[in-house]
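# all I have is the shape, not the residue letters:
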């Protein structure tokens, strides 16, 4: 089962959907939220990545400029009092309580589509951060046929859309399926629901076919 992050008020399990726009991720979010104790939120503007950047900046400063920082004459005065891990843990707790705000639900998380090189330049470092600061979390990489994605909505008017999507897709595919990582493919959702069953098995959750089919009948996103 999942390990838990202990919070001052309660403990939660975590599931994150990493994807790109027009991939069917809102539908996937709806499928997960069909589970009665799940509260998977939508996008938040990549806030957690920005938390990672703040943590990484403090950690780098702490590693390179700590010497003599207890002296008031030092340009890094006071840095010796900083604790990068404690800083990160406090920010993560604030993110969970103030952004995810899962309430009485036992499992929470979010989906995010901002994984281009410009939006998430340090993808590998961020992925490690998420794993380390949400121990036991489950990460779902959501995929869709890139030609279909590139021809849809805003992608169709974006220069080099197909190439930009491929960069994100390659990032995701660089991480193999494992105990805490699952690659979900929108195009594999069919009437048998075998791929959705695989997802629920990965999450170690019971599969309620009626509830999933009810979600599939509802239009998601725009």
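Nice, I can see it. Bear in mind that the values here come from a model prediction, so they are computed numbers and not experimental data.
# neighbours of the closest residue to residue 55 other than its chain neighbours, how many?
Of all residues not flanking residue 55 in the chain, residue 88 sits nearest, at 4.1 Å (CB to CB, 6 or more residues apart in numbering). Where C-beta positions appear, they are placed from N, C-alpha and C, glycine not excepted. Residue 88 is flanked by 20 other residues according to other CB atoms under 10 Å.
# surely residue 88 meets residue 133?
Yes. Shown here, residue 88 and residue 133 form a contact pair, counting by CB atoms under 8 Å, at 6.0 Å.
# and the helix or strand hosting the residue nearest to residue 55, how far out from the chain's middle?
Counting by DSSP states H and E, the element that carries residue 88 is helix 84-95. How far helix 84-95 lies from its chain's middle: 16 Å, per CA atoms, centre = their mean, to the nearest Å.
# so which other helices or strands are in contact with it?
Applying 3 or more CB pairs under 8 Å, 6 or more residues apart in numbering; DSSP states H and E, we find helix 84-95 packed against helix 47-65, helix 123-133.
# partners of the helix or strand that the last one is followed by in the sheet?
Note on helix 123-133: by DSSP H and E, the next helix or strand toward the C-terminus is strand 138-143. With DSSP bridges as the test, strand 138-143 is paired with strand 11-18 (parallel), strand 181-185 (parallel).
# between these, which one is closest to residue 84.
Nearest of the strands paired with strand 138-143 to residue 84, taken as CB to CB: strand 11-18 at 21.1 Å.
# now the helix or strand following the closest one: mean pLDDT?
Scanning forward in sequence from strand 11-18 by DSSP H and E, the next helix or strand is helix 25-32. Average pLDDT, helix 25-32: 98.
# what lies in contact with helix 25-32?
Helix 25-32 has contacts (CB atoms under 8 Å, 6 or more residues apart in numbering) with 15, 17, 19, 38, 40, 42, 111, 113, 140, 142, 184, 186, 196, 199, 203, 212, 215-216, 218, 220-221.
# and for stretch 193-205?
Stretch 193-205 has contacts (CB under 8 Å, 6+ apart) with 1, 15, 31-32, 35, 138, 140, 182, 184-185, 188-189, 206-207, 209, 212-213.
# how far does it sit from its chain's centre?
Chain-centre distance of stretch 193-205: 18 Å, with CA atoms, centre = their mean.
# in it, what counts as buried?
Neighbour counts over stretch 193-205 (16 or more other CB atoms under 10 Å) mark 193, 196, 199, 200, 202, 203, 205 as buried.
# tell me how far the first one lies from residue 31.
Computed as CB to CB, to the nearest Å, the residue 193 to residue 31 distance reads 10 Å.
# now swap in the second one and tell me
If you measure residue 196 against residue 31 using CB to CB, the figure is 7 Å.
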